[in-house]
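Colleague: Dropping a prediction and its sequence here:
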Amino acid sequence: MAAEDVPLDDKAKRMRDLLSSFYSPDPSMSSNASSKPGSLDAINTASFDADQYMDLLVQKSNLEVLLKRHVEMAAEIKNLDTDLQMLVYENYNKFISATDTIRRMKSNIVGMESNMEQLLDKIMSVQSRSDGVNTSLFEKREHIEKLHRTRNLLRKVQFIFDLPARLGKCIKSEAYADAVKFYTGAMPIFKAYGDSSFQDCKRASEEAIATIIKNLQGKLFSDSESIQSRAEAAVLLKQLDFPVDSLKAKLLEKLEQSLADLEVKTEGIESAGEDSTSHSGGGSSIGNHEASVGEFAEAVRAYRVIFPDSDKQLISLSRDLITRHFEVTEQYMQKHISSAELLNFLKIIWTDVLLLDNVLEEAGLPDFSLEAARLVVKKYISSKLTHFQQDIADSLVGPKERVGDYSLQDALEAGKKTVLQGSMDVLLDFRQLLDDKLELVIKLRDSIIDWVLEGFQVFFRTLDDHFVLLSEKKSSLDQGLKEGAQTDKALTGLVLVLSQISVFIEQSAIPTITEEIASSFSGGGARGYEYGPAFVPGEICRRFRSAGEKFVNLYIKIRTQRISVILRKRFTTPNWVKHKEPRDVHMFVDLLLQELEAARSEVKQILPQGIRKHHRSDSNGSTTSSRSNPLRDDRMGRSNTHRARSQLLETHLAKLFKQKVEIFTKVEYTQESVVSTIVKLSLKSLQEFVRLQTFNRSGFQQIQLDIQFLRMPLKEIAEDEAAVDFLLDEVIVAASERCLDPIPLEPPILDKLIQAKLAKS
Amino acid sequence: MQGASSGVGYGLKYQARCISDVRADTDHTSFLTGTLSLKEENEVHLIRLSSGGTELVCEGLFSHPNEIWDLRSCPFDQRIFSTVYSSGESFGAAVWQIPELYGQLNSPQLEKIASLDSLVGKINCVLWWPSGKHEKLISIDQENIFSWNLDCSKKVSQVQSQESAGMLHYLSGGAWDPHDVNAVAATCESSVQFWDLRTMKKTNSIECTHVHDLEYDTRKKHILVTAEDESGIHIWDLRMPKVPIQELPGHAHWTWTVRCNPEYDGLILSAGTDSTVNLWLSSSSSEDGMVESPTKRFNPLLNTYTDYEDCVYSVAWSTREPWIFASLSYDGRVVVESVKPYLSKK
């Protein structure tokens, strides 16, 4: 029990010590301090104080405990005593056995000395013997070594002497690799002794090597050899220090040549493709082309293997090929090709590109050709639209050789058809381009859409400009050829046709095209939104609406200008103050009516018939001459002597007060509107000319007669009776105002003269 | 007088074709106009805009022996003016002086300073040099250009030089370059001809047909504005006479007359036989106006005055108040309008 307690106490104490040493730096202090208050367990420590222990024990314990302690302690002491005894005994035993061993060793050591000496002797004798052998054999060994060296040398010499023959054998068996190996092995010797001892040998082997080089070159250039062997040949040549670069240059030249051949072939295909509605001929030639491009690709692959450093040239070569392809395409494009044909080209090019890309990835051919295709397609779209514009212009002007037969109606119909059909065709054509599954095209899809839209926008803009140009050319031509043959009549009509075409484009072509574009050209947007949409139908409509109005006005202007010329001649030539009595309706009336009739026939061919109506609000000017002039009435009233003429004026005045007629109304796209505008403007001009003259009575009567004659046919032409009546009256009023003696003709005479005129015509 | 007119009206007794600004009158805004009546007694009216600008007052009424086809006020003496007149058969031209104290006389007579009679042809117009005092006058008749020496105090005039335009050309009007005292432009049937008064030779010509009226821009050298029958208004730079630098649509019928504003660049007034007066702002008011950018294609037409009953054959800017113009329609009505509301748009 005590034995158990002690290690327990021990353990606990050690733990305590550790803890205290951790918490206080001085363990002695703590142990002193701790022992003082008394630890009955400190019995095993070094600082154990028996008296203190006793005091503590006595103080702390009662008698019973003390007695118990006493018994325990006695037992412990007894135990310790036995332990001690045991230890002493054991140690003693060991000591005795050790003494015995030492004694035994002492006796064994005595005989060893002599044995050792014997051994030394024997070793000495062995050494002397071996020295003897060494010395006796040394001479022989040296000799043997020398012999061996000589033999090696002789073998080498033999090899060199054998070299030409061996090389010859190699050539025969085409084992060029071995030959080269041998030759390069012999090279150092030839370099060292070639000039002296082995001269013949060297020469012979060099000759052999020369043949080898020749053979190798041949091999390199021959297309029938496998790439592997050709590559090997190249490597061997390089090992022989042969100038490979020049070889490479030669080979590449050859390749380039074959490239040129290839291009010619391409052209052949394209020309074949041109009329290859039958697929047989075109297909086979396309096959040929593919094969030759395949060959080229193979060659490229071979050269890459053969000359690993030739990439750069090869890349430029293959790019050249592609560029040439595109150039040919562009050239061909000038011949007005369709999208399908363009696609054929692109397809051929793309297969070539893919073939080449397989062998020469570094060239970046797909990207390269994408760029080129971008340009080509863009050009294609713009050229297509240019052709289209030309078509329209041609259809408007008509076939040049038979201007006379080409009626305005034909021109208009042809123009309309060309515009609508042509634009649909062009769109369809472009759509074909879009629908194709060719990778190249798919990549360009967005851009193509943008180009098409942009192209159309620009197209209509330039078309408008072109129209203006056409009309200007015509109108200036008109001014030059006033006397007017058949030809320039047609040209005047052209202005009207242009107007109608503009209206047509605005009202039906653009909506159709917009619809078509919306349905098949959605997407795009590659060009960025900051520029806004590429195709703005609104803007184009606006353009053409204003163009239509402009052309119609221009037409009217040209027509009225011509009439003005007639009128000007009529009114500036005679001396009105000394005019003779009217005997006949003046012939200018015929000219005037003829001009109007010409205009009407032109207009009838082109413009639709309209519903007759008046637009009061559109009027921008009204002429009711002398309306707010009471002075004149006054004057009329006063001049009693000229009762007759004032009567005439009064009737006119009364008429004027009844109706206020618009003269300058907005022109509409109807036959009536255009013709009556021309008539009204002409009559207004007539009035102005009259106002600038001074008439005598006969002059006035002449005017009266002419106007009276005009009244019927003009009403028929203009179909706006009120305005015509009004304007004709205005002319008579103006004439009477400018007349010194305005006495009108008597109605019967007037009638008679008019009847005479009618009978004549 | 009626409708939505903002203008001030004044009625003449008879029909009339010409009105002129009295430039020399620096105290008032006045205009001179003359009637065109074949059979009645013609009158010259001196009209003054009242100080409030709300009324046109007749300052003087003078009888004129014949119907007046052209009337121009002397630029340096407010009492002097020239007329071209016709008696039905023959044409004549004269320089007149308004008598002093005319307000007190009942029916004062005009004093004829000089008669510019030449024997030939139909006189079209008499030109004063527009830029100040100059003793010369130009008269243009159908076949000739005359240069007259005028001495107002001695009341004599004599032909200084004369040149015939050539057989096939009938002159119809003209304008005197305010920037060059020796240059006169004359219109004939198919072209505008430029004459040098020192040599009396034709120097240049512009091909354009049937010009009714033309005027030099008083603000800028080399700029000429023409009004044509059907083609509207053309603005020319005389250094580049091949093509006009700008084209204005003009009127629904003939454009009869054009007048450049003496103060505001590019402001042009035109009148036509469609009974309207149009106010334009030409874009060539800036030097690089020829480069027409499509983005700012503004409408050059500022306003159309439609308050007329008959053709307007004459308009005149006031020199004193350059935002005011007077227009005269054939029925004898003078309307004075202010363009102030449109100036702010510039």
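Modeller: All right, it came through fine.
Colleague: Quick one: name the residues of the stretch 1-150 of chain B near chain A.
Modeller: Selection of the stretch 1-150 of chain B residues close to chain A by Cβ under 8 Å from any Cβ of the partner chain yields B:13-15, B:38-40, B:86, B:88-89. All C-beta atoms are positioned from the backbone trio N, CA, C, and that covers glycine.
Colleague: Nearest residue to residue 330 in space, ignoring adjacent ones along the chain?
Modeller: Using chain A. With Cβ to Cβ, 6 or more residues apart in numbering or on different chains as the criterion, A:Glu330 has its nearest non-adjacent residue at 6.1 Å, and that residue is A:Val376.
Colleague: try again with chain B
Modeller: Leaving aside its chain neighbours, B:Tyr330 sits nearest to B:Asp310 (4.1 Å; criterion: Cβ to Cβ, 6+ apart).
Colleague: one step back: report the next helix or strand after the helix or strand where the residue nearest to A:Glu330 lies in sequence order.
Modeller: Assignment of secondary structure by DSSP states H and E places A:Val376 within helix A:365-397. Of the helices and strands lying after helix A:365-397 in sequence (DSSP H and E), the nearest is helix A:408-435.
Colleague: Show me what whichever helix or strand comes after that next one is packed up against.
Modeller: In the C-terminal direction, the helix or strand that comes right after helix A:408-435 (DSSP H and E) is helix A:439-480. For helix A:439-480, the helices and strands in contact under the criterion 3 or more Cβ pairs under 8 Å, 6 or more residues apart in numbering or on different chains; DSSP states H and E are helix A:339-359, helix A:365-397, helix A:408-435, helix A:486-504, helix A:510-520, helix A:537-572.
Colleague: would you list those helices in TSV and tack on mean pLDDT and mean neighbour count?
Modeller: What follows is the helices and strands packed on helix A:439-480, written out as TSV (pLDDT from 0 to 100; neighbours: other Cβ atoms under 10 Å in any protein chain shown):
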stretch	mean pLDDT	mean neighbour count
helix A:339-359	77	21
helix A:365-397	79	19
helix A:408-435	78	18
helix A:486-504	71	23
helix A:510-520	79	15
helix A:537-572	84	20
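Colleague: what helices or strands is the helix holding A:Val376 leaning on?
Modeller: Taking 3+ Cβ pairs under 8 Å, 6+ apart as the contact cut, helix A:365-397 packs with helix A:311-333, helix A:339-359, helix A:408-435, helix A:439-480, helix A:486-504.
Colleague: go with 7 Å
Modeller: Other helices and strands packing on helix A:365-397, by 3 or more Cβ pairs under 7 Å, 6 or more residues apart in numbering or on different chains; DSSP states H and E, are helix A:311-333, helix A:339-359, helix A:408-435, helix A:439-480.
Colleague: Could you dump those into TSV with distance to A:Ala175 added?
Modeller: What follows is those, written out as TSV (distance: least, Cβ to Cβ, whole Å):
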stretch	distance to A:Ala175
helix A:311-333	31
helix A:339-359	30
helix A:408-435	59
helix A:439-480	48
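Colleague: Select from the residues of the stretch 1-150 of chain B next to chain A the one having the most neighbours.
Modeller: When neighbours are counted as other Cβ atoms under 10 Å in any protein chain shown, the busiest of these turns out to be B:Gln15, with 26 neighbours.
Colleague: So that residue sits against B:Arg333, correct?
Modeller: No: the criterion here is Cβ atoms under 7 Å, and B:Gln15 misses it with B:Arg333 at 10.0 Å.
Colleague: quick one: contacts for the closest residue to B:Thr33 other than its chain neighbours?
Modeller: Beyond its immediate neighbours in the sequence, the residue positioned closest to B:Thr33 (Cβ to Cβ, 6+ apart) is B:Ile19, lying 4.2 Å away. Counting by Cβ atoms under 7 Å, 6 or more residues apart in numbering or on different chains, B:Ile19 touches B:31, B:33, B:314, B:316, B:326, B:328, B:334.
Colleague: Many thanks, have a good one.
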